[in-house]
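**Q** need the 3D shape of this:
(one chain, ligands or ions: 1)
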Amino acid sequence: MSLPNHITPALITLLGAEQVLTEATDRLAYGYDNSREQALPDLVVFATRHEQVVGVVKLCHEHGIPLISRGRGTGTTGATVPVSGGVVLSLERMNRILRMAPEDRLMVVEPGVTNHAVQALAAEHGFFWPPDPTSGAVCTVGGNLAYNSAGPRAVKYGTPRENVLGLRAVTGSGEEIRTGVYTTKGVVGYDLTRLLIGSEGTLAVITEATLKLTPQAQSKRTLQAIYADMHSAAQAVSAIMAQPVVPCALEFIDHRAIEMVRAHSRAELPENAGALLMIEVDGPEAAMEEMVAAVSAAARNDGLLRLQAANSAAEVKALWATRQALSPALRNVAPKKINEDVVVPVSRIPELIDGLDRLGRQHDITIVNFGHAGNGNIHVNLLINPDDPAELARADACLAEVFALVLQLQGTLSGEHGVGLVKRDFVAQEIDAASLGLMRQVKTVFDPRGILNPGKTLPLEDTSRTV
Ligand SMILES: Cc1cc2nc3c(=O)[nH]c(=O)nc-3n(C[C@H](O)[C@H](O)[C@H](O)COP(=O)(O)OP(=O)(O)OC[C@H]3O[C@@H](n4cnc5c(N)ncnc54)[C@H](O)[C@@H]3O)c2cc1C
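**A** Sure, this is the predicted structure:
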């Protein structure tokens, strides 16, 4: 779309000329994320204060201009790609930490602060904020909340939905709202905080977040368990999750991932290794031995080939080296792979992995799986070259069957990467029509003109339209 003539001057007056990008070459960088999608925004603006966000939203609302909130664009599902044109509102310069309150175990931040900046300040006071995406050095808290992003720690400490007390936000009509509480308990009114978290910028622009902090554990131990086959590893995952010592990481890699690590690194793995678990437990130092013993007992079964516990920082590093060798190995083999992040109940992991093997053979696609096994959140990697149209077509067909399999196993399409653009057309397979109808009404209440991140998250009602 092209913007009405007076919009750019009005935004320059509101924000300052240095906060508005008009040149196509500058705008280009704000038109893509870590998916394969791309589109050119008509304008890119930066806000540094809440009041500016209100002004930008009101102007876009008045003129029906699409408005796409953006953190650092590291998302993998195209949620920041401006498919309908309009204005990209980057929050990356709105990055102050407004308040650190150790006595109340909370931190109040603006949305553009990076995850690692939050962790650094929290650590100075003996705390951490549990959400730990691997991209933490660059991604923003706003992006973390809008996608409900997480990492290995989620198995014990939860995702942003469990670790945010309240929000300040601006709805699609420019209304300013405060949601939630500053306390660790509270039940007054509907829970708008958790509604906005995970809404991918489609309901409101988040301008402030009150993060719930957790005290750092005194001690941590790392274990690695290698199994002859994935069924034994999955049995161990269920056993570990069913005893009282909840691990703070329970990561899994499958037989193909092990083959890749073996081929592309010096990691020493038993010849017949069929699956590997990385397990971490944290807690009081005095309880560590007992905790490690309990988790080790649960990890043992007939398929266990090797169980090692690290006794020094160097040994911890050596055990994690296997898992860390995987990402570079995958990048070498298939730099443009498709990476999904499906979730199934922990007990269904074996059926998922068996099914993925079958689909890979059926569609002639190599599929490598790893992920956060304690949550049943498996990263399914289709190793393809998307520049080969035949392979891409086979991958698309395979992916549709992967999603069908996941739903058949009572799983969900995404655990942390979100829906955005790329999974939007599969959502109606997971969510029933009545619930989708309610969600569309909620969208209309928050954003009556549909300007906030149009074409994302919810399936299109009129399928003849593409965005
Ligand atoms: C190398 C790499 C590793 C990754 N590892 C992980 C991982 O371990 N776990 C994981 O979950 N993800 C991971 N990701 C994905 C990504 O980093 C996360 O989704 C992250 O939270 C996105 O943050 P961002 O600031 O880049 O947000 P963006 O990509 O800019 O935006 C993401 C979504 O948030 C919305 N948004 C942004 N700011 C606001 C706001 N203030 N108000 C309302 N909506 C807003 C956008 O509209 C969009 O819908 C990884 C990505 C990369 C490239």
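**Q** could you measure from the closest residue to the ligand within the stretch 151-300 of the chain over to Val81?
**A** Residue of the stretch 151-300 of the chain nearest the ligand, by CB to the nearest ligand atom: Gly201 (2.8 Å). Every residue, glycine included, has its C-beta placed from N, CA and C. When distances are taken as CB to CB, to the nearest Å, Gly201 and Val81 turn out to be 12 Å apart.
**Q** returning to that earlier point: is it correct that the residue of the stretch 151-300 of the chain closest to the ligand is in contact with Lys456?
**A** Yes: judged on CB atoms under 8 Å, Gly201 makes contact with Lys456 at a distance of 7.5 Å.
**Q** list the contacts for the closest residue in space to the residue of the stretch 151-300 of the chain closest to the ligand that isn't next to it in sequence?
**A** Leaving out its chain neighbours, the residue that sits closest to Gly201 by CB to CB, 6 or more residues apart in numbering is Ser69, at 4.0 Å. By CB atoms under 8 Å, 6 or more residues apart in numbering, the contact set of Ser69 is Thr80, Leu89, Leu91, Gly142, Ala146, Gly201, Val205, Ile206, Leu452, Asn453.
**Q** so what's the second one bridging to?
**A** Residues found in beta-bridge contact with Leu89 (criterion: DSSP bridges) are Val45, Ser69.
**Q** so what's the residue count around Asp432?
**A** By other CB atoms under 10 Å, the residues close to Asp432 number 9.
**Q** what's the answer for His231, then?
**A** 18.
**Q** nearest spatial neighbour of it, skipping sequence neighbours?
**A** Skipping the residues right next to it in sequence, His231 comes nearest to Pro350 by CB to CB, 6+ apart, at 4.9 Å.
**Q** also His379?
**A** With sequence-adjacent residues excluded and distances taken as CB to CB, 6+ apart, His379 is closest to Gly371, at 4.3 Å.
**Q** buried stuff in the strand or helix carrying that neighbour?
**A** In this structure, Gly371 sits in strand 366-372 according to DSSP states H and E. If you call a residue buried by 16 or more other CB atoms under 10 Å, then strand 366-372 has these buried ones: Ile367, Val368, Asn369, Phe370, Gly371, His372.
**Q** go on, stretch 138-155?
**A** Neighbour-count burial for stretch 138-155, counted by 16+ other CB under 10 Å, picks out 139-155.
**Q** what is the burial count for the residue in the stretch 351-467 of the chain positioned nearest to the ligand?
**A** For the stretch 351-467 of the chain, the residue closest to the ligand is Glu416, as judged by CB to the nearest ligand atom, at 3.3 Å. Applying the criterion other CB under 10 Å, we find 24 residues in the vicinity of Glu416.
**Q** isn't it up against Pro133?
**A** Yes: with contacts defined as CB under 8 Å, Glu416 counts as touching Pro133 at a distance of 7.3 Å.
**Q** who touches both of the two?
**A** By the contact definition CB under 8 Å, 6+ apart, Glu416 and Pro133 are jointly contacted by Ser149, Ala150, Gly151.
**Q** with distance to the ligand and secondary structure added, can I get the residues you listed in CSV?
**A** Rendered in CSV, the data for those read as follows (distance: CB to the nearest ligand atom, whole Å; DSSP: H, G, I helix; E, B strand; the rest coil):
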residue, distance to the ligand, secondary structure
Ser149, 3, coil
Ala150, 5, coil
Gly151, 4, coil
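**Q** so which of the contacts of Ser69 are in helices?
**A** Gly142, Ala146 (DSSP state H).
**Q** save the contacts of Ser69 as CSV, and put in pLDDT too.
**A** CSV is the format used below for these (pLDDT from 0 to 100):
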residue, pLDDT
Thr80, 98
Leu89, 98
Leu91, 98
Gly142, 98
Ala146, 98
Gly201, 98
Val205, 99
Ile206, 99
Leu452, 98
Asn453, 98
